[in-house]
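# just to be clear, the model below is a prediction. Sequence and coordinates:
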Amino acid sequence: MSTTVALFRPAAAMTSEPTRPKATRAGGLVVISGPSGAGKSTVVRELLCQSQLPLARSVSATTRAPRPGEKVGVDYHFLTKEEFQRLREAGAFLEYKEVFGRGDWYGTLQSEVASGLGAGKWVILEIDVEGAMSVLAAHPDAVTIFIHCGSLEELERRLRQRNTESEASIQRRLEVARGELALQDRYTWQINNIDVDQSVHQICDILAREGMKE
Ligand code: 5GP
């Protein structure tokens, strides 16, 4: 990836239209993707703490095991494969995916999205690229943000520093990351997460701009 990539850029150039004084859009879906290890979860957690905007995080369901420190119903709804399958058959998911091809499933629950949207909030979905494309097909007005960290080398450094993954898992995540980085231009907004506070500020700015759109 080019090192000259902008820290924060919309895919299309912005117009010089004057900013309208108040939001015309009451919330919506905000899809945030990016390679595992780029710092998405930290950015989203800080965004929820720091922002004055009406935000809700969609808590995904997963069949992967909780990591140390992860809380049930906060980080994820941790399900067995059978529970996940039952919800899938009942149509409870807006989208679902076996993210790393190793038998662990992840999915966005319709109920998580509906409650946030019903309350006029920006509902944050932190999901993989394929899941994002499925959401976009059902909700074309979703705001899409891709968070990366500049290079695969930096990503590998962050994944190792996190110290939560086996060597095989790191290699798998890097392999998936290559595919995800190739699709980042499908997102309206892209952020290079060098500094968490700066990334949070950029997302707030994006939502303020998106809120002005008709
Ligand atoms: P982790 O295992 O590190 O928590 O998450 C691995 C990947 O799964 C992340 O890249 C994350 O974006 C993705 N992911 C988490 N929840 C969902 C979901 O509900 N749907 C999809 N498609 N991907 C998800």
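Sure thing, it's come through. Numbering: from 1, shown residues only.
# S199 contacts D205, correct?
No: contact between S199 and D205 fails when scored by CB atoms under 8 Å: they sit 10.6 Å apart. C-beta here means a position set from N, CA and C on the backbone, and glycine is covered the same way.
# and the pLDDT at G116?
pLDDT for G116: 95.
# then V99?
Predicted confidence (pLDDT) for V99: 84.
# same question, E175
Looking at E175, its pLDDT is 92.
# which secondary structure element contains it?
helix 167-182 (DSSP states H and E).
# which SSE is immediately downstream of the helix or strand of the chain with the lowest mean pLDDT?
Taking mean pLDDT, DSSP states H and E as the measure, the chain has strand 8-10 as its least confident helix or strand, at a mean of 65. Next helix or strand after strand 8-10 toward the C-terminus (DSSP H and E): strand 28-33.
# list the contacts of whatever helix or strand comes next after that next one.
Next in sequence after strand 28-33, counting helices and strands by DSSP H and E, comes helix 40-50. Helix 40-50 has contacts (CB atoms under 8 Å, 6 or more residues apart in numbering) with 32-34, 55, 57, 124, 126, 147, 191, 193, 196-197, 199-200, 203-204.
# burial count for whatever residue of the chain ends up closest to the ligand?
The nearest approach of the chain to the ligand comes at G131, 2.3 Å away (CB to the nearest ligand atom). Using other CB atoms under 10 Å, G131 has 23 neighbouring residues.
# so who does it touch?
So G131 contacts 33, 95-97, 99, 106-108, 125 (CB under 8 Å, 6+ apart).
# if we use 6 Å, what do you get?
95, 97 (CB atoms under 6 Å, 6 or more residues apart in numbering).
# tell me how far the helix or strand where it lies lies from the chain's centre.
Using DSSP H and E, G131 sits within helix 129-138. Relative to its parent chain, helix 129-138 has a centroid offset of 11 Å by CA atoms, centre = their mean, to the nearest Å.
# packing partners for the next helix-or-strand element following that helix?
Counting by DSSP H and E, the next helix or strand C-terminal to helix 129-138 is strand 143-148. Applying 3 or more CB pairs under 6 Å, 6 or more residues apart in numbering; DSSP states H and E, one finds that strand 143-148 contacts strand 28-33, strand 189-192.
# send me the first one as PDB with only the CA atoms.
Output of strand 28-33 as PDB, limited to C-alpha atoms (Å, rounded to 0.1, in the frame of the first residue of the first chain):
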ATOM      1  CA  GLY A  28     -28.600   5.500  10.400                       C
ATOM      2  CA  LEU A  29     -26.200   2.500  10.000                       C
ATOM      3  CA  VAL A  30     -22.500   3.100  10.200                       C
ATOM      4  CA  VAL A  31     -20.500   0.200   8.900                       C
ATOM      5  CA  ILE A  32     -16.900   0.100  10.100                       C
ATOM      6  CA  SER A  33     -14.500  -2.400   8.600                       C
END
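# what about the one helix or strand L155 maps to, near the ligand?
Using DSSP H and E, L155 sits within helix 152-162. No: using CB under 6 Å from any ligand atom, we find that helix 152-162 stays clear of the ligand, coming within 9.3 Å at best.
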